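J.: Below are the sequence and a predicted model; questions follow.
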Amino acid sequence: MPPSLVCLPRPLLLALALLGSSAASAQATPPRNLVHLQAEAQVEVVQDWLTLTLQAVREGGEAAQVQTALKQTLDAALKTARAAAEGEALIVRTGGFNLSPRYGKDGRINGWQGQAELVLEGRDSARIAQTAGKLSGLNVIGVSPSIARDTARRHEAEASAQAIAAFRQKAADTAQAFGFSGYALGELRLEAGGSTPPPRPMFRRAEMAVMAADAPVPVEAGKGLVGVTVSGSVHLLP
């Protein structure tokens with residue numbers, strides 16, 4: 001026990017303890033006239049980033065044979081693609097690599113199948129499409145347009161201003177609807193996000209062989225959304 005309390009009478013100590021308990025209870029009581037609100041705003045932005053995925057598929061009787069064939073195809077494609085790569089205009093990277101057995105009716109392995117992916121992405125959709133058309137032995141299996149990160153950040157400021165204005169308007173409308181004179185801001189939270197079309201297959205399987213070798217890949221930029229959400233509480237003022 002602290003020295004300053006040693007000589008205090010027992011009834012006084014009990015009173016101090018009860019006072020502290022009452023204060024803690026009062027602080028734990030939620031404030032009155034507290035309303036939780038949420039508002040959001042979205043800005044439409046031209047998609048300036050393209051991700052194009054190509055895949056090589058090989059089959060054979062031996063796993064090593066299939067793996068070697070995939071490696072040769074991928075190495076040749078990488079050499080061609082890297083020659084066209086330039087900064088953020090075109091970035092080249094490898095994707096997934098998978099090797100799996102095939103089974104016959106008797107349940108035994110009768111061959112192997114493998115897939116290897118190559119990914120082209122960047123800001124220059126024309127360069128990406130032209131490069132994809134030069135990669136023989138691979139099929140285009142997916143095209144994913146999106147908004148570049150720095151572009152999204154530039155438009156988040158505009159979306160934030162709109163979301164904050166919408167939140168304030170909603171708070172003012174709520175206060176008026178309940179007969180209060182105004183409001184005071186409580187805790188607030190801003191969250192940025194985007195909405196873009198999901199990755200989609202570029203062609204049906206029957207069309208893959210047609211688009212596999214020397215055909216240029218048709219691409220067209222669309223639009224996506226950069227959004228900001230404001231959520232939090234406001235105190236309604238009498």
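T.: Nice, I can see it.
J.: neighbours of Arg149, just the number please.
T.: Close neighbours of Arg149, defined as other Cβ atoms under 10 Å, add up to 10. Every residue, glycine included, has its C-beta placed from N, CA and C.
J.: any idea how far it is from Glu62?
T.: 44 Å (Cβ to Cβ, to the nearest Å).
J.: likewise Arg123?
T.: Distance from Arg123 to Glu62, by Cβ to Cβ: 42 Å.
J.: Please apply the same query to Ala148.
T.: Taking Cβ to Cβ, one finds Ala148 at 44 Å from Glu62.
J.: higher neighbour count, those two?
T.: The neighbour comparison of Ala148 against Glu62 (other Cβ under 10 Å) goes to Ala148, with 16 against 10.
J.: Okay, now the unreliable bits of the chain?
T.: For the chain, the stretches flagged by pLDDT under 70 are 1-30, 194-218.
J.: repeat that with 50
T.: 1-6, 8, 12-13, 15-16, 24-26, 196-213 (pLDDT under 50).
J.: just the helices in it please.
T.: 3-6, 10-28, 63-84, 125-133, 149-177, 205-212 (DSSP state H).
J.: Identify each buried residue in the fifth one, please.
T.: Going by neighbour count (16 or more other Cβ atoms under 10 Å), the buried part of helix 149-177 is 151-152, 155-156, 159-160, 162-164, 166-168, 170-171, 175.
J.: For that helix, which helices and strands make contact with it?
T.: strand 34-46, strand 182-195, strand 223-237 (3 or more Cβ pairs under 8 Å, 6 or more residues apart in numbering; DSSP states H and E).
J.: Is it possible to get CSV of those that adds mean neighbour count and distance to Glu117?
T.: Below are the helices and strands packed on helix 149-177 laid out as CSV (neighbours: other Cβ atoms under 10 Å; distance: least, Cβ to Cβ, whole Å):
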stretch, mean neighbour count, distance to Glu117
strand 34-46, 16, 27
strand 182-195, 14, 25
strand 223-237, 19, 24
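J.: Of all those, which one comes closest to Gly142?
T.: strand 223-237 (16.8 Å; Cβ to Cβ).
J.: List the contacts of Glu156.
T.: Contact analysis of Glu156 by Cβ atoms under 8 Å, 6 or more residues apart in numbering lists 192, 226, 228.
J.: Wait, Asp48 touches Gly122, no?
T.: No. Applying Cβ atoms under 8 Å as the test, Asp48 and Gly122 come out as separate, 9.7 Å apart.
J.: Of those two, which one has the most company?
T.: A side-by-side neighbour count of Asp48 and Gly122, using other Cβ under 10 Å, places Gly122 first with 22 against 19.
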